[in-house]
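Enquirer: coords below, sequence missing:
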């Protein structure tokens, strides 16, 4: 497996054949049915949610109000779906739309002025939101993904620029955010070290510059210090586990072990994976938030996080071949499959063409919204499962 995040082809996996109608026992679907769902989620649902006039994904769609929210931070993650689908279909229109959404996001959310000491930082809101390390790392990954597929230098330069912000975060004790109003770094927040490690490792892979790995290892040691005695990662204000900050952290531990053979990274990966398995629900999902004392704070599920964690568990399984990680990944993927909004199903608003083949932002439904940052992880999960299973059976 290569170091990669966005699509199974980033792991070096070949694109699977999808002609077979024979059910995959682990997932409860045939390759042909999976292909149908991937295609519909990309060419029907995602295209409905792309504002072609603006060149970006809508923020979300409210089925209850039949209203699209104007484009916003969803464009940091939603283009990943088109990049992963481009690898699957080799359709240039998907790549072009991913480029347009990324360009829009860069113009609106990234600090670009050369006088700024936090150039490359990414705002969490407009007009002057805090700059988040987590978002800057995701922007590095997005632009690195575009560079490897388009070979346009502008995307590599943008990836480097936001990586410079991550270096400043490193200098300030791995600070998760920068307050643009007070001009100070904050030590508490969303301590998402996994995304930063992935960003640095992907840059090393692209550029062959060794200092990126040195930075990744600094963040890896920091990530080891955050692992609780019970195996959990309580990365919101050093007190709460959240499913949004789980997949990248597990992958980061596994990637660093693969690159260094350091047993402390492997031990951390297994310890956190064990915690995840202990807290996985029978339906394959995880509650959104759990505190350090083991209390479920928010039982609602963020559905897009579930397939992303499944991909991370597959990554760990591929590294050390322990069946419990593979089985937990399949359970999570079955959950993801079960919540796709199929036309004519008994899910609410399934007759709405802007909802069909998508995924709810929350389960239970809460506000009846669907958004691109949720859908991208579900589609990536289907693609990783399809290609990984095909390559390993």
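Expert: Received, thanks. Just so it is clear, the model here is predicted, and its values are computed rather than measured.
Enquirer: how near is residue 239 to residue 375?
Expert: Using CB to CB, to the nearest Å, residue 239 is found at 30 Å from residue 375. (C-beta placed from N, C-alpha, C; glycine too.)
Enquirer: All the helices of this structure, residue numbers only.
Expert: Remark: helices assigned in the chain by DSSP state H are 31-40, 47-48, 79-89, 92-109, 133-150, 153-171, 193-207, 211-226, 247-260, 263-279, 305-320, 323-338, 372-391.
Enquirer: Per-residue confidence, the residue of the chain most remote from its centre, what does it come out as?
Expert: Ranked by distance from the centre of the chain (CA atoms, centre = their mean), the top residue is residue 115, with 31.1 Å. Per-residue pLDDT puts residue 115 at 93.
Enquirer: tell me the contacts of residue 41?
Expert: Residues near residue 41 by CB atoms under 8 Å, 6 or more residues apart in numbering: 81, 340, 357, 358, 375, 378, 379, 382.
Enquirer: Relative to residue 306, how far out is residue 283?
Expert: Look at residue 283 and residue 306: by CB to CB, they are 10 Å apart.
Enquirer: now do residue 77
Expert: Counting by CB to CB - residue 77 and residue 306 are separated by 15 Å.
Enquirer: ok, back up a step: which of residue 239 and residue 375 has more residues huddled nearby?
Expert: Taking residue 239 and residue 375 together and counting by other CB atoms under 10 Å, residue 375 has the greater number of neighbours (28 against 12).
Enquirer: Would you agree that one is in contact with residue 358?
Expert: Yes: with contact defined as CB atoms under 8 Å, residue 375 reaches residue 358; the gap is 5.5 Å.
Enquirer: Residues that sit against both of the two, list them.
Expert: Listed as contacting both residue 375 and residue 358 by CB under 8 Å, 6+ apart are 41, 45, 49.
Enquirer: Check what pLDDT the second one gets.
Expert: Yep, that's residue 45 we're talking about. Looking at residue 45, its pLDDT stands at 98.
Enquirer: Check the separation of the first and last residues in stretch 65-80.
Expert: In stretch 65-80, first residue to last residue: 27 Å (CA to CA, to the nearest Å).
Enquirer: any idea how far residue 95 is from the closest residue in space to residue 7 that isn't next to it in sequence?
Expert: Among residues not flanking residue 7 along the chain, residue 84 sits closest, at 3.8 Å (CB to CB, 6 or more residues apart in numbering). As for residue 84, its distance to residue 95 is 11 Å (criterion: CB to CB).
Enquirer: Compare neighbour counts for these two and give me the winner.
Expert: Ranked by neighbour count (other CB under 10 Å), residue 84 and residue 95 place residue 84 first, with 29 against 19.
Enquirer: Spit out the contact partners of that one.
Expert: Residues near residue 84 by CB under 8 Å, 6+ apart: 6, 7, 8, 376, 379, 380, 383.
Enquirer: contacting residues around the fifth one?
Expert: Under the criterion of CB under 8 Å, 6+ apart, the neighbours of residue 379 are 38, 41, 42, 81, 84, 85.
Enquirer: tally of neighbours for the third one?
Expert: Same thing as residue 42. Using other CB under 10 Å: residue 42 sits among 24 other residues.
Enquirer: and what of the last one?
Expert: Burial of residue 85, expressed as a neighbour count using other CB under 10 Å, amounts to 26.
Enquirer: ditto for the first one
Expert: Neighbouring residues of residue 38 were enumerated by other CB under 10 Å; the total is 23.
Enquirer: How confident was the prediction at residue 2?
Expert: 88.
Enquirer: what about the residue lying closest to it once chain neighbours are set aside, distance to residue 274?
Expert: Distances taken as CB to CB, 6+ apart put residue 12 closest to residue 2, at 4.6 Å, once the chain neighbours are dropped. Residue 12 sits at a distance of 28 Å from residue 274 (criterion: CB to CB).
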